[in-house]
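J.: here is my input, please return the structure:
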Amino acid sequence: MKAVEFKDQKISVVDVPVPEIAGDEALVKVMMAGICATDMELLHGYQGFEGIPGHEFVGFVEKAPGAPDLVGARVTADINVGCGDCPRCRSTDTRHCPFRKAIGIQGKNGAFAEYCAVPLANLRFLPDNLETIDAVFAEPLAAALEIAQQVHVHQQTRIAVLGDGRMGQLCALALDLYSRRVTMLGRHREKMALAAARGIATADIDETAGGGAAAHWKGAFDLVVDATGNPEALHQALALTRPEGLVVLKTTSRQPSPLNLAALVVDELTLLGSRCGDVGFAVKCLADQRIKPNFLVDRIYPFSEFPAAFAHAAQQGSMKVLLAFED
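T.: Coordinates of the predicted model:
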């Protein structure tokens, strides 16, 4: 089969054998996959990853020796693969298994290939009414929805989402399900217009920094989500948060984040990391059309044009780039 391989910070399109699957796995024929910022980080050394990336995908079960009735089902997947034996796994929290693998990110090949091996326990089944172009967002949407699963958010919670890119947009839409006081802070007028068209308040992120006219933004929010992917943005997130408020870090980066701990202490702020979420819950939100994210798609490339697709996704200001696989 054709697959994309990351090695030595280089991209190669290679011919490799179709994955062999165990009795507790399914062989998934990939239909569509999404390129995200984590894939960019992996290429440049994040997690020391080498292999086949790709963790946002939709496909059909082609083979499942341990569950043959699943053949033909349209699926996506929870990407965290636990060891099954540790206390975390026994309590069903495979996301934080200390020995976990992550499909396309850590220790397990992913979906930038014609076929992908997925544990049966990780499969999430897609209802017929859910379009594939929306379903491919299930994994990143789950990450966005995770914030409101970690902390209590209510209708009057004042929320700022820093960043108007792909994750920032999804975080704003996800939090808008819980609070009517969400503001997206960004730099790109056309991207903020996408959020505004869906009822999200927007403001220029540069106007919230510094003094003078921006002074009214200082401490204006109960909850600030940093979805910029920029390690420097944490300073601004802290400044925007009220005393005893909460800052959530939503993006990962291979670059270290400079942090002035004095601000945390003086204003008694809480700093919270937020990673993956419940993919099944995301699928339900998508199927119910509570969130319809296909407006974020910049372009769909055939998988055979992966290098061009990846270059497009890496461009400053690009939105979601998808890969379509041949039937």
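
J.: quick check: mean pLDDT across stretch 94-110?
T.: Taken as a whole, stretch 94-110 has a mean pLDDT of 93.

J.: ditto for stretch 263-278
T.: Here the average pLDDT along stretch 263-278 is 91.

J.: show me what counts as buried in it.
T.: For stretch 263-278, the neighbour count (16 or more other C-beta atoms under 10 Å) marks 263, 269, 271, 274, 276-278 as buried. Quick note: C-beta positions are derived from backbone N, CA and C, even for glycine.

J.: ok, those vs Ala308, which is closest?
T.: Taking C-beta to C-beta as the measure, Ala308 lies nearest Cys276 of the buried residues of stretch 263-278, at 28.7 Å.

J.: what sits against Phe295?
T.: 194, 198 (C-beta atoms under 8 Å, 6 or more residues apart in numbering).

J.: number the residues from 325 up from this point.
T.: In the new count, where the first residue is 325, that last one comes out as Phe619.

J.: got the buried residues of stretch 587-602 as TSV, with secondary structure and distance to Val506 columns?
T.: Below are the buried residues of stretch 587-602 laid out as TSV (DSSP: H, G, I helix; E, B strand; the rest coil; distance: C-beta to C-beta, whole Å):
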residue	secondary structure	distance to Val506
Ala587	helix	23
Leu593	coil	19
Leu595	strand	20
Ser598	coil	16
Cys600	coil	22
Gly601	coil	18
Asp602	coil	20
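
J.: ok, Phe330 - how many residues close by?
T.: 22 (other C-beta atoms under 10 Å).

J.: also Leu509?
T.: 31.

J.: which element is it on?
T.: Using DSSP states H and E, Leu509 sits in strand 506-510.

J.: for that strand, packing partners?
T.: Secondary-structure packing of strand 506-510 (3 or more C-beta pairs under 8 Å, 6 or more residues apart in numbering; DSSP states H and E): strand 483-486, helix 490-500, helix 513-520, strand 525-528.

J.: any idea how far His476 is from Lys608?
T.: 21 Å (C-beta to C-beta, to the nearest Å).

J.: which one of the two has more residues nearby?
T.: More crowded of His476 and Lys608, by other C-beta under 10 Å: Lys608, with 15 against 9.

J.: what sits against Tyr385?
T.: Actually, residue 385 is Val rather than Tyr. 350-353, 394-397, 399, 447.

J.: and which of those is nearest to Phe649?
T.: Lys353 (7.8 Å).

J.: which of the three states applies to that closest one?
T.: The local conformation at Lys353, judged by DSSP: H, G, I helix; E, B strand; the rest coil, is strand.
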